[in-house]
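Participant: Just need the structure, nothing else, for what follows:
(one chain, ligands or ions: 1)
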Amino acid sequence: MTLEAPSASTYTALLALVAQTRALMDAVVATGADDEEIAAVTEELRALTERLDAVRRPPAEVGEPRWLMGNAVVGAANPFAPPIEIEYLPGGGVRAEQVFRPLHEGPPGLVHGGVSAMVLDHLLGTALGAVGRGGLTASLTMTYRAPVPFGTPVVATAEYTRSEGRKSWADGRMALPDGTVLVEATGLFITPSWFPGEL
Ligand SMILES: CCCCCCCCCCCCCCCC(=O)SCCNC(=O)CCNC(=O)[C@H](O)C(C)(C)COP(=O)(O)OP(=O)(O)OC[C@H]1O[C@@H](n2cnc3c(N)ncnc32)[C@H](O)[C@@H]1OP(=O)(O)O
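Facilitator: All right, here's what the predicted structure looks like:
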């Protein structure tokens, strides 16, 4: 069964809910509230969680209108997503600029290496999707050259490099706006034999 896209008003309401939830997550990471206040907020959150949980939707299939809304990197409906907005470059390849937050912390004051890998994995996959070579990540190799800061813009780019049958490769990197490379990634993606190949 195809899941319809949400109406414009539901979409707008959902974006507001997600933005508020992201703000909540940031506040939780940084809070210095005492135990009584933490317990009181937890109770309020329990009630809110029950209200939303009472109306669940089934997960979307690949290519359906909602299929990337729950995505952990770009999902409009996913508070965990940084979120990343991807730009398709005219000469091929993709680009995304983002400011990471304390929510993405690994070593104190720096972005977690797994978060960098998650973002670059998605960007590599999108670069391949853009040239009709969509697939699942089979392997991802990361090279961490310098720490990724939060609170300041970071630019990620990726592009298709080559294919052999169902296997395709892409390269990507994260850099400071002045071009200083922080992290590099190369990935092998495989179009599963079950995938019809049309999005
Ligand atoms: C579904 C499409 C979506 C399209 C979307 C496009 C839009 C884009 C937007 C979203 C962008 C998201 C980007 C994030 C993408 C993830 O996060 S995907 C989630 C993480 N990855 C997974 O869950 C994948 C789990 N693994 C699998 O499902 C299966 O192992 C795979 C990768 C589909 C391969 O299975 P298979 O097709 O049965 O592979 P198989 O026939 O055994 O092997 C085929 C060939 O690949 C080689 N191979 C297989 N696995 C490996 C490996 N790990 N390493 C090296 N070589 C390997 C084999 O040796 C063989 O080589 P040849 O003999 O042909 O030379």
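Participant: Quick check: residues of the protein near the ligand?
Facilitator: For the chain, the residues in contact with the ligand (C-beta under 6 Å from any ligand atom) are 62, 121-122, 125-126, 129, 134-139, 165-167, 188, 190, 192-193, 195. Just so you know, the C-beta spots here come from the backbone N, C-alpha and C atoms, and that holds for glycine as well.
Participant: Which of those residues fall within strands?
Facilitator: The strands, defined by DSSP state E, take in Leu136, Thr137, Ala138, Ser139, Lys167, Leu188, Ile190 from the residues of the chain next to the ligand.
Participant: For the fifth one, give me its contacts.
Facilitator: The one in question is Lys167. By C-beta atoms under 8 Å, 6 or more residues apart in numbering, Lys167 lies in contact with Gly135, Ala138, Leu188, Phe189, Ile190.
Participant: 10 Å instead?
Facilitator: Taking C-beta atoms under 10 Å, 6 or more residues apart in numbering, we find Lys167 in contact with Arg133, Gly135, Ala138, Leu188, Phe189, Ile190, Thr191.
Participant: PyMOL command to pick out the buried ones of these?
Facilitator: Selection of buried members from the contacts of Lys167 for PyMOL, criterion 16 or more other C-beta atoms under 10 Å:
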select buried, resi 133+135+188+189+191
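Participant: Buried ones only from the residues of the chain next to the ligand, please, as a ChimeraX command.
Facilitator: The buried residues among those can be selected in ChimeraX (16+ other C-beta under 10 Å) with this line:
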select :121,122,125,126,129,134,135,188
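Participant: what is Met142 paired to in the beta sheet?
Facilitator: Ala185 (DSSP bridges).
Participant: ok, and for stretch 171-191, which residues are buried?
Facilitator: Across stretch 171-191, burial judged by 16+ other C-beta under 10 Å covers 171-175, 182-189, 191.
Participant: Of those, which pair is most distant in space?
Facilitator: Checked with C-beta to C-beta, these reach their widest spread between Leu182 and Thr191, with 29.9 Å between them.
Participant: Next, Pro65: phi, psi?
Facilitator: When quoted as degrees, to the nearest 10, the phi and psi of Pro65 stand at phi -50, psi -30.
Participant: again, but for the one 5 residues further on
Facilitator: With angles defined as degrees, to the nearest 10, Gly70 sits at phi -100, psi 10.
Participant: Against the ligand, how distant is it?
Facilitator: Using C-beta to the nearest ligand atom, to the nearest Å, Gly70 is found at 12 Å from the ligand.
Participant: ok, back up a step: is it possible to get the ones in strands among the residues of the chain next to the ligand out as TSV so that each row also shows distance to Val55?
Facilitator: As requested, those are exported to TSV (distance: C-beta to C-beta, whole Å):
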residue	distance to Val55
Leu136	31
Thr137	32
Ala138	37
Ser139	39
Lys167	41
Leu188	40
Ile190	36
